[in-house]
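> sequence first, then the predicted structure:
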Amino acid sequence: MNAFSAFLADSATMVRRDFRHTMRNPLTLFNAVFVPVFVMFLMVHVFGGAFDVGADYVDYATPGLIIMTIGYGIGPTATAVNSDMTTGFINRLRVMDVSRAAVLNAHVIAIMLRTMVAIAIIIGVAVLLGFRPAASLPQWLGAIGIVALTVLAIGWLTVASGLAAKTPEGAGLAGVPLMLLPFLSSAFVPAETMGPGARQFAEYQPFTSIIETLRGLLSGTPSAGPAITAVAWCAGLTLVGYLWARRTFTKRA
Amino acid sequence: MVGAMNDSAIAASGLRKAYKDKVVLDGVDLDVRTGTVFALLGPNGAGKTTTVHVLTTLLAPDAGKAVVAGHDVATETKAVRAAIGVTGQFASVDDLLTGEENLLMTADLLHLPRAEGRRIAGRLLDRFDLAGSAGKLVASYSGGMRRKLDLAMTLVGKPRIIFLDEPTTGLDPRSRRTMWQIIRELVADGTTIFLTTQYLQEADELAGRIAVLDQGRLVAEGTADELKRRVPGGHVRLRFTSREELDAAARVLPGSTRDDEELTLRVPGDGGVRSLRALLERLDTHAVEVGELSVHTPDLDDVFFALTGHGNKEVSAR
């Protein structure tokens, strides 16, 4: 078996393992799917009536909720990466000559698959609540693209923070900022309605440009400005996460 | 020196490793013959795990050379990895997979054909008495079962040399005996075992040769008996049938310690054949009748203390 097909086979094995983890850890599924659905109910059905954003609120909030969903699915991966490191599981893999890339990529691929499924469910629920996206097929593809780039960036940051954390419990905290940051973005209300400080923060943090891009695409009115910023953020964060993960893996394993 | 030993499974010379200014390995030389059990004995922090990591390609030493299964660990990593199996200090099994899935995953990672993987997994589950729990999540396994599964995963690749880093730490006495039995069976099949332990009894039970590691340095090496002979504390105990015989013996053997209650005399000595013969001849010459004679060699606890100059809490507690 040549190195590349070995790498593909090992990646597939590791992804299968992560998939089983997801299916067997009720908390993972609960966090990844039910919490975002609940937040959606809360924001759209409970609070949403009081928000005036100049559009149907479910159409306004769904892009933000889609991005927010990513943050809810990653905690278990950070924990899993960390316990692989601290229990010597990674050492077992290394002695079996499983490549570093296969081990780390598999986690990112697993996050990607899990998150995409969760997002599909969220979109389904949003449609039930009245979400009517106006996107054309290319715009949908663009929307999927920006979501995938965001998951990639967050996935690598998650793997890196899981590798770097001292304990699995500490690693589990990795997802917390990602769950909270969307609240300080234009996910639920436009940034210009926020108080000073929060407003500037919301305008310049990565989630706002990503959510604005997604919102533009889904409503059929994309604009290049936020899209360029969003793609740049994703590329930058992916690179940081990837290099951080690689470096930590080499140093600690 | 390293290349010349062709029945060496593991040969290392001058291994050094330091983290910042803390020296972990301070020039370690090892030679483990094929098909034997070698125990690296030492307290926590002696450098046992670091030694295992260097020998198993997980860690590059700062200096020194190690040849495992005939391949240099620094330059022929792949060949070394193909020949060895490692069971780490903590059971590195996957809690959210079943016992069988853990083994099948290992077979997949070794790129074995699916059918062969199943066959090997089934055999290992039977052999380690895990077949009844094969379909249960490992999270529900006991400590002993996890260790067995851990070792079974190491065996999927049929390694010729197995490294066991503290394989019984934290196990109850019964699981420990089971593990020892498994290790003995592996050796009987021709596998070379490199074992680290903080338990003197374990090294004594399993290993042909023992090296004592203390603060990154080997302070002694040999068979358990050789090590025991190296330290003072050995003696010959003579038991007599009457007080008169005891008195007579005490007179001709100065330096001995008598116990009037037990009618015994404790004569310091290494218990070697020569000194024993001299002792018996002396008693014969003076016509002292001995009821019973026993030779006491120090146990490895004494050895450890004598060699390292400091006690080993974990060891003496056992």
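Sure thing, it's come through.
> so what's the most centrally placed residue in chain A up against?
Nearest to the mean C-alpha position of chain A, by C-alpha atoms, centre = their mean, lies A:I70 at 3.0 Å. By C-beta atoms under 8 Å, 6 or more residues apart in numbering or on different chains, the contact list for A:I70 reads A:115, A:119, A:147, A:150-151, A:154, A:178. Where C-beta positions appear, they are placed from N, C-alpha and C, glycine not excepted.
> with adjacent residues omitted, what lies nearest to the residue in the stretch 1-150 of chain B that chain A sits nearest to?
Closest contact between the stretch 1-150 of chain B and chain A, by C-beta to the nearest C-beta, is at B:G88 (3.6 Å). Excluding the flanking residues, the one nearest B:G88 by C-beta to C-beta, 6 or more residues apart in numbering or on different chains is A:G88, at 3.6 Å.
> CA-only coordinates of stretch B:90-99 in PDB, if you can.
C-alpha atoms of stretch B:90-99 as PDB (Å, rounded to 0.1, in the frame of the first residue of the first chain):
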ATOM      1  CA  PHE B  90      -2.400   4.200  30.800                       C
ATOM      2  CA  ALA B  91      -4.700   1.900  29.000                       C
ATOM      3  CA  SER B  92      -5.000   3.600  25.600                       C
ATOM      4  CA  VAL B  93      -8.300   2.100  24.500                       C
ATOM      5  CA  ASP B  94     -11.300   3.900  23.100                       C
ATOM      6  CA  ASP B  95     -14.100   4.100  25.700                       C
ATOM      7  CA  LEU B  96     -16.800   4.800  23.200                       C
ATOM      8  CA  LEU B  97     -16.100   1.700  21.000                       C
ATOM      9  CA  THR B  98     -16.800  -1.800  22.000                       C
ATOM     10  CA  GLY B  99     -13.900  -4.200  22.800                       C
END
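> next one: it to chain centre, how far?
25 Å (C-alpha atoms, centre = their mean, to the nearest Å).
> can you tell if it touches chain A?
Yes. Counting by C-beta under 8 Å from any C-beta of the partner chain, chain A is contacted by stretch B:90-99 at B:90-94, B:96-97.
> buried set for that stretch?
Judged by neighbour count using 16 or more other C-beta atoms under 10 Å in any protein chain shown, the buried positions of stretch B:90-99 are B:90-99.
> now do the helices in the stretch 1-150 of chain B.
In the stretch 1-150 of chain B, the helices defined using DSSP state H, counting those that start in this stretch lie at B:48-55, B:77-83, B:99-109, B:114-127, B:143-155.
> buried residues in the second one, which are they?
In other words, helix B:77-83. Applying 16+ other C-beta under 10 Å to helix B:77-83 flags B:77, B:79-83 as buried.
> get me the contact residues on the stretch 101-250 of chain B for chain A.
So far as C-beta under 8 Å from any C-beta goes, the stretch 101-250 of chain B lies against chain A at B:101, B:105-106, B:108-111, B:137, B:153-154, B:157.
> show me which pair in the residues you listed is furthest apart.
Maximum pairwise distance in those, criterion C-beta to C-beta, is 25.6 Å, between B:H111 and B:L137.
> report the contact partners of the residue in the stretch 51-200 of chain A positioned nearest to chain B.
Nearest residue of the stretch 51-200 of chain A to chain B (C-beta to the nearest C-beta) works out as A:G88 at 3.6 Å. Listed by C-beta under 8 Å, 6+ apart, the contact partners of A:G88 are B:88-90, B:92.
> give me the neighbour count for A:A224.
Residues lying near A:A224 (other C-beta atoms under 10 Å in any protein chain shown) number 9.
> for it, give me the pLDDT.
Note for A:A224: predicted pLDDT of 83.
> residues in contact with the spatially closest residue to B:L130 that is not a sequence neighbour?
Nearest residue to B:L130, sequence neighbours excluded (C-beta to C-beta, 6+ apart): B:G99, at 5.4 Å. Contacts were defined as C-beta under 8 Å, 6+ apart; by that measure B:G99 touches B:125, B:130, B:133-136, B:138, B:141, B:145, B:149.
> one more pass at 7 Å, please.
When contacts are counted by C-beta atoms under 7 Å, 6 or more residues apart in numbering or on different chains, B:G99 touches B:125, B:130, B:133-134, B:136, B:138, B:149.
> closest one of those to A:Q139?
Among those, B:V138 lies closest to A:Q139 (C-beta to C-beta), at 46.3 Å.
> who touches that closest one in this structure?
Residues counted as contacts of B:V138 (C-beta under 7 Å, 6+ apart) are B:93-95, B:97-99, B:102, B:146, B:149.
> is it true that B:L263 touches B:F240?
Yes. Proximity of B:L263 to B:F240 meets the contact threshold set by C-beta atoms under 7 Å, at 4.9 Å.
> out of the contacts of B:G99, which is most surrounded?
Neighbour counts for these (other C-beta under 10 Å) peak at B:L149, which has 26 neighbours.
> is it true that that residue touches B:V93?
Yes. With contacts counted by C-beta under 7 Å, B:L149 reaches B:V93, the gap being 5.2 Å.
> still on that earlier bit, could you dump the buried residues of helix B:77-83 to CSV with distance to A:D10 and pLDDT?
Below are the buried residues of helix B:77-83 laid out as CSV (distance: C-beta to C-beta, whole Å; pLDDT from 0 to 100):
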residue, distance to A:D10, pLDDT
B:T77, 16, 92
B:A79, 19, 94
B:V80, 19, 95
B:R81, 14, 93
B:A82, 15, 93
B:A83, 20, 94
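> which of these lies closest to A:F47?
Nearest member of those to A:F47, counting by C-beta to C-beta, is B:R81, at 56.9 Å.
> wait, doesn't that closest one sit right on A:V95?
Yes. Using C-beta under 7 Å, B:R81 is in contact with A:V95, at 5.6 Å.
> overlap of the contact sets of these two?
Common neighbours of B:R81 and A:V95 (C-beta under 7 Å, 6+ apart) do not exist.
> okay, the residue of the stretch 51-200 of chain A closest to chain B and B:L55: tell me how far apart.
To B:L55, A:G88 is 15 Å away according to C-beta to C-beta, to the nearest Å.
> same check, this time on B:D72
Taking C-beta to C-beta, one finds B:D72 at 11 Å from B:L55.
> so who does the closest residue to A:A106 other than its chain neighbours touch?
Sequence neighbours aside, A:M14 is the residue nearest to A:A106 in space, at 3.2 Å (criterion: C-beta to C-beta, 6+ apart). Neighbouring residues of A:M14 by C-beta under 7 Å, 6+ apart: A:102-103, A:106.
> helix or strand with the lowest mean pLDDT in chain B?
When the helices and strands of chain B are scored by mean pLDDT, DSSP states H and E, helix B:313-317 comes last with a mean of 38.
> so how far is stretch B:68-82 from its chain's centroid?
Stretch B:68-82 has its C-alpha centroid displaced from the chain centroid by 23 Å (C-alpha atoms, centre = their mean).
> using CSV, list the CA coordinates for that stretch.
The C-alpha trace of stretch B:68-82 is given here as CSV (Å, rounded to 0.1, in the frame of the first residue of the first chain):
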residue,chain,number,x,y,z
VAL,B,68,15.6,-2.2,18.0
ALA,B,69,14.9,-5.3,16.0
GLY,B,70,18.1,-4.7,14.1
HIS,B,71,17.1,-1.2,13.0
ASP,B,72,18.2,2.2,14.2
VAL,B,73,15.4,4.0,15.9
ALA,B,74,16.5,7.4,14.6
THR,B,75,16.9,6.6,10.9
GLU,B,76,14.8,3.5,10.3
THR,B,77,11.7,4.5,12.2
LYS,B,78,9.3,2.6,9.9
ALA,B,79,11.2,-0.7,10.2
VAL,B,80,11.3,-0.4,14.0
ARG,B,81,7.6,0.4,14.2
ALA,B,82,6.8,-2.6,12.1
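> ok, and what's touching that stretch?
By C-beta under 7 Å, 6+ apart, stretch B:68-82 touches A:95, A:97, B:9-10, B:54-55, B:57, B:60, B:65-66, B:83-84, B:160-161.
> of the residues you listed, buried ones?
By neighbour count, with 16+ other C-beta under 10 Å, these hold A:95, A:97, B:9-10, B:54-55, B:57, B:65-66, B:83-84, B:160-161 as buried.
> I am finished for the moment; much appreciated.
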